[in-house]
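K.L.:
got a sequence here, can you build the structure:
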Amino acid sequence: SYSFCTLLPHFEALSPFPLFFKMTRMSTLADALKTMANASRKGKRQVLLKPVSKVIIKFLTVMQKHGYINEFEIVDDHRGNKVVVELNGRLNKCGVVSPRYNIALPSVDEFTTYLLPSRQFGFVVMTTSLGIMDHEEARRKHTGGKVLGFFY
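P.N.:
Numbers count the residues shown, from 1 in each chain. Have a look, this model is predicted:
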C-alpha cells in the first residue's frame, strides 16, 4: 500500500487540475471590504488592499467622509495598484451587496432597514448616474441607483 506522499509526484498527472491551479478573483470590492472588516475586528491600525479599482477608491472616499476610516494612500505599482488604509477603530462591519440591486428612490428606506442595524448610524453606498454616494446623499439629490455595499 502506498501513502499519499509517495504518490505526490504522480498526482499531478492523475489530477484534472494542475497543482498550481489558482482561483480567479470574483469581486475585488468584496475582497477589499472583507479585508478591512477583518483587520478592524483584529484591532489593526492600517491595512493593505490590493488590487484596487476606481470603485474601491470612491467607496473608501465615502467611508472617509463619514469618519469611519482615516486617510488612505494609493501606491502605484504598475499592476493592479495598492491602497494603504489607516483605520481608526470605528468600523464595525462593512460588506458588499451582490447582486447589485436596483433601488428606486421610494424603496431606499426599506433597503437600509434591511441592511443596517439602526437608523442612527451606518450607510448604504450606491452607484447612481450622479456618481458613487451614500443613501442619504442620494435621497438629498433625489436619485436612485444600484447598491454597492454598506458600512457601519
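K.L.:
residue closest to the middle of the chain?
P.N.:
L33 (2.9 Å; C-alpha atoms, centre = their mean).
K.L.:
lowest average confidence, helix or strand, in the protein?
P.N.:
Every helix and strand in the chain was compared by mean pLDDT, DSSP states H and E; the lowest is helix 4-14, with a mean of 53.
K.L.:
ok so the residue nearest to the centre of the chain is a helix residue?
P.N.:
Yes - counting by DSSP: H, G, I helix; E, B strand; the rest coil, one finds L33 located in a helix.
K.L.:
check contacts around it.
P.N.:
F59, C94, G95, V96, G149, F151 (C-beta atoms under 8 Å, 6 or more residues apart in numbering). For every residue, glycine as well, the C-beta is placed using N, CA and C.
K.L.:
what's opposite the third one in the beta bridge?
P.N.:
To tie it back to what came earlier, the one meant is G95. Beta-bridge partners recorded for G95 (DSSP bridges): F150.
K.L.:
show me where this protein has its helices.
P.N.:
Taking DSSP state H as the test, the helices found in the chain are 4-14, 28-42, 54-65, 108-115, 135-140.
K.L.:
hmm, who's touching the fourth one?
P.N.:
When contacts are defined by C-beta under 8 Å, 6+ apart, helix 108-115 is touched by residues V97, Y101, I103, R119, G122, V124, H135, A138, R139, G144, V147, F150.
K.L.:
run a quick neighbour tally on C94.
P.N.:
Residues lying near C94 (other C-beta atoms under 10 Å) number 23.
K.L.:
oh, I was asking about I74
P.N.:
Counted with other C-beta under 10 Å, residues neighbouring I74 total 12.
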